[in-house]
Structures are given as structure tokens and as C-alpha cells.
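Enquirer: pasting the structure only:
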Ligand SMILES: Cc1cc2nc3c(=O)[nH]c(=O)nc-3n(C[C@H](O)[C@H](O)[C@H](O)COP(=O)(O)OP(=O)(O)OC[C@H]3O[C@@H](n4cnc5c(N)ncnc54)[C@H](O)[C@@H]3O)c2cc1C
């Protein structure tokens, strides 16, 4: 009997497995495909809570906490595995091309500054001094120097190795096909390689989390939202910062590639890159850095973001059952939120502390349907 079985080995399952094992727990992770082979390797790796979360509240607090955890988390993984995860806190700029965009960015800047975040309002000229390839058309924007990006694929490799070193049992190419239960308690999982009894089962199955909760008759309303991205070669003067605009984002990686993103399209579980999607991404970002038109195209890919109906993560026990939990629904920010998810869920699962998790309880959907 293992202490924990985790269903799904993306960034969330692997991060949680690593943290639980550091706290002395016996952990098994079951992954139907390859480690991190779904949304987690498709991501652009940006760590940008101030850009991503448009209002103050628990999600922004969670994102900022995770950003603070990142340097220690990355250093520890690099030291234990020797794998460089390429954490880069070179700043994020969110820029405006029109007066309307400038007005709405200015409002965002005002409350962020008021709340004490490290953000700077800059004119187009000041932004171009930081990033000379930025178009003359950019009128102004927010610069947040503490945000950045990481190489999520290297991070996944480091987590797999760190989990192995910690003695986590890692089963890839093994699908969970059902839950084992006695009365109202989940007692483990049935997999394509047999039954795994466990004291606790955690659903870390990304876009598939809703499907798995459905097996227990609980609706947690998670759906896949496809994201299509492209990578191009670097272009003369290297870009330093992540550039966001209403048309998309441009992320210069430490390996010299530039990742351009992204669509948000509803295509069920299909992961194809479509010409429509690719055109949308390229047309969206070129206005910000026009010289990108001469960059060499390298690759395009897509992944399925796990989106809960209200856009918030799901962190906590699955209502109506004992012994089963969810860590999912991280939507556009699962790479950013992985350290805080691992640490906060472990605080809850091992030490019974649930402070920051309360707003993200999976029971909120049940409560909403009860009220109707
Ligand atoms: C194009 C794109 C760009 C993104 N950019 C960013 C970004 O810049 N920054 C950021 O923070 N986030 C980003 N994200 C979001 C981020 O990738 C996700 O939030 C995160 O990867 C979710 O991690 P996860 O482990 O929950 O899901 P996944 O990585 O999808 O992992 C879930 C795993 O569960 C497995 N699984 C499912 N069902 C079963 C089963 N029955 N049995 C066994 N295994 C099962 C799947 O095979 C999968 O590997 C991006 C996403 C996309 C698609």
C-alpha cells in the first residue's frame, strides 16, 4: 500500500510527488503517456502572475507566492539533478498599441502599484530603450522586472530525475482506468498494469481531471482549451524580456529560440496545429516586433490547457468522498503555479493546513449547483 497515488505525470503530478516524497511519503505516479507529454511540455514557460491575473485576490496571491518560491525550487532541483532549468527573471512588458489599450493598461498599473507590486509605467520610448526591436507603434506599457520564464521541458526532466532519486515509483505508459473504493472511501486505482492500493489518491490529470472525477459521480467542470504556439530562431539583436500584447506574446528563451503564442481554442481533446491557429499566432505577434517576419520558422505545436468553469485551479478534497483529492484546473498558469501547488497541497495532505487552498476548493461547484 502506497501513501499516495497520483493520476497523471504532468508538471503538477511530478511537482507534488517530489514534495510529498521529501516529506517522507511513499508516492506512486501513474502516467498514461510520457512524463509531461501533454500541456506541461507544450507550455511557453512564462512566470507572469502580474500580467496574467487581471484583478487582486487569492489567485494573484497564489501566483505571487509561487513566483517567490521559484528561485529556491529551481536551485534545489538543479543542485540535486545537475539539470539546468534555465530560470530567467529578466522581466515582462505588457504593451499598448492603441489609446484604448493604453487606458486599460494604465488602470491595471494603478491598482498594482497601489497594492505595492514592483511594476513600472513606461512610455513607448522608454520601453524601446529596454527592447530596441519593439515597434515604434507601441505607445506605453507596464514593465515588471521580477517576472520571467523557465525552460519547462528541462524542469520536467529535472522533476522526473528528482522524483526517482527520492524513491517515487514512476509508472509511465500506464493508464488509470477506474477507481477502487470501499463505501465512500477511495482505496486506490485500477490501472492497465493492475490495481494500486493507496491511502490517498490525487487526481493530477490536467485536462482529463473532469473525466476522472466523473467516474465517482462528481462534476468538477474541467475542460481542455487548446493552445497553439510556434517557435522561431533569434533575430539579430537578442530580445531580453517577455513581450505581451492583446495580440499574443513573445518569449525569448535562453537557448536562443523565441516562442510565440498562443491560441485559446475549444477543440475538445484534439492537439493538432491548424493553419488558422498558426496564422492567428503569427499575425498576432508580428505587429509588436516586426523584424520577426525575417526569423526562421522552427516548429509549431499545441497542448490542452486544463480549464475549470470559473478559471480558478481546483485544489483540495473531492466532495462526497474520502481519500481522494484534486490538484488541477491550472489553465494558463500551471508552470507558474506548480511550486505553490506542490507545497500548499503537501501542507494540507501531510500536515492538515489548508490556509491558501480554501478559495480553490473543488466543492465550490457542488455548492453552486446546490444553491440553484
Ligand atoms: C500552448 C500553451 C502555453 C502555455 N504557457 C504557459 C506558460 O507560459 N506559463 C504557465 O504557467 N503555464 C502555461 N500553460 C499552462 C500549463 O501548461 C498547464 O496549466 C499545466 O501544464 C497543467 O499541468 P498538469 O500537470 O495539470 O496537466 P498536464 O501536463 O496535461 O498533465 C496531466 C497528465 O495526466 C495524464 N493523464 C490523464 N488521464 C490519465 C489517466 N487516466 N491515467 C494516467 N494518466 C493520465 C496525461 O497524460 C497528462 O500527461 C500553457 C499551456 C499551453 C497549452
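Expert: Perfect, thanks for sending it. Predicted model only: the values in this text are computed from it and were never measured.
Enquirer: who touches residue 61 in this structure?
Expert: Residues near residue 61 by C-beta atoms under 8 Å, 6 or more residues apart in numbering: residue 356. Where you see a C-beta, it was placed from the backbone N, CA and C, and this is true even at glycine.
Enquirer: what's the answer for residue 338, then?
Expert: Listed by C-beta under 8 Å, 6+ apart, the contact partners of residue 338 are 11, 12, 15, 66, 330.
Enquirer: can you report phi and psi for the closest residue to the ligand within the stretch 51-200 of the chain?
Expert: Closest contact between the stretch 51-200 of the chain and the ligand, by C-beta to the nearest ligand atom, is at residue 176 (3.7 Å). Main-chain torsions, residue 176, degrees, to the nearest 10: phi -80, psi 130.
Enquirer: then the one 5 residues further on?
Expert: Dihedral angles phi and psi of residue 181 (degrees, to the nearest 10) take the values phi -150, psi 150.
Enquirer: isn't it right up against residue 187?
Expert: Yes. Here residue 181 reaches residue 187: they are 6.0 Å apart, a contact under C-beta atoms under 8 Å.
Enquirer: related to what we said a few turns ago, the contacts of residue 338 in helices, which ones?
Expert: Counting by DSSP state H, these place 11, 12, 15, 66 in helices.
Enquirer: which helix or which strand is home to the residue nearest the centre of the chain?
Expert: A centroid search over the chain (C-alpha atoms, centre = their mean) returns residue 334, at 1.6 Å, as the residue closest to the centre. Using DSSP states H and E, residue 334 sits in helix 334-351.
Enquirer: is that helix in proximity to the ligand?
Expert: Yes. Where contact is defined by C-beta under 6 Å from any ligand atom, part of helix 334-351 touches the ligand, namely 334, 335, 336.
Enquirer: so what's residue 19 up against?
Expert: Per C-beta under 8 Å, 6+ apart, neighbours of residue 19: 342, 343, 345, 346.
Enquirer: need the contact list for the third one.
Expert: Residues counted as contacts of residue 345 (C-beta under 8 Å, 6+ apart) are 16, 19, 202, 315, 325, 327, 357.
Enquirer: how close does it get to residue 199?
Expert: 15 Å (C-beta to C-beta, to the nearest Å).
Enquirer: then the first one?
Expert: Distance of residue 342 to residue 199, computed by C-beta to C-beta: 19 Å.
Enquirer: show me where the stretch 251-372 of the chain dips below the pLDDT cut-off.
Expert: For the stretch 251-372 of the chain, the stretches with pLDDT under 70 are 367-372.
Enquirer: spatially nearest residue to whatever residue of it ends up closest to the ligand, not counting backbone neighbours?
Expert: Nearest to the ligand, among the residues of the stretch 251-372 of the chain, is residue 334, at 2.3 Å (C-beta to the nearest ligand atom). Of all residues not flanking residue 334 in the chain, residue 11 sits nearest, at 5.6 Å (C-beta to C-beta, 6 or more residues apart in numbering).
Enquirer: tally of neighbours for the one you found?
Expert: The local packing of residue 11 (other C-beta atoms under 10 Å) involves 29 other residues.
Enquirer: what sits against it?
Expert: Taking C-beta under 8 Å, 6+ apart, we find residue 11 in contact with 36, 40, 43, 152, 155, 156, 159, 334, 335, 338.
Enquirer: about what we covered before: let me have the ones in helices among the contacts of residue 338 in CSV, extended by distance to the ligand.
Expert: Below are these laid out as CSV (distance: C-beta to the nearest ligand atom, whole Å):
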residue, distance to the ligand
11, 5
12, 4
15, 8
66, 9
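Enquirer: pull out the buried members of these.
Expert: Among the ones in helices among the contacts of residue 338, those scoring as buried are 11, 12, 15, 66 (criterion: 16 or more other C-beta atoms under 10 Å).
Enquirer: tell me how many other residues surround residue 269.
Expert: By other C-beta under 10 Å, the residues close to residue 269 number 12.
Enquirer: I'd guessed it sits against residue 207; true?
Expert: Yes. Contact criterion C-beta under 8 Å: residue 269 and residue 207 qualify, at 7.1 Å.
Enquirer: ok, the nearest residue to residue 353 once chain neighbours are set aside to residue 54 distance?
Expert: What sits nearest to residue 353 in space, not counting adjacent residues and going by C-beta to C-beta, 6+ apart, is residue 347, at 4.4 Å. Residue 347 sits 27 Å away from residue 54, going by C-beta to C-beta.
Enquirer: pull out the buried residues from stretch 132-145.
Expert: Buried residues in stretch 132-145, defined by neighbour count with 16+ other C-beta under 10 Å: 133, 134, 135, 138, 139, 140, 141, 142, 143, 144.
Enquirer: tell me which of those residues is nearest to residue 30?
Expert: Nearest to residue 30 among these is residue 144, at 38.0 Å by C-beta to C-beta.
Enquirer: hmm, residue 113 and the closest one touching each other?
Expert: No. Assessed by C-beta under 8 Å, residue 144 is found out of contact with residue 113, at 10.7 Å.
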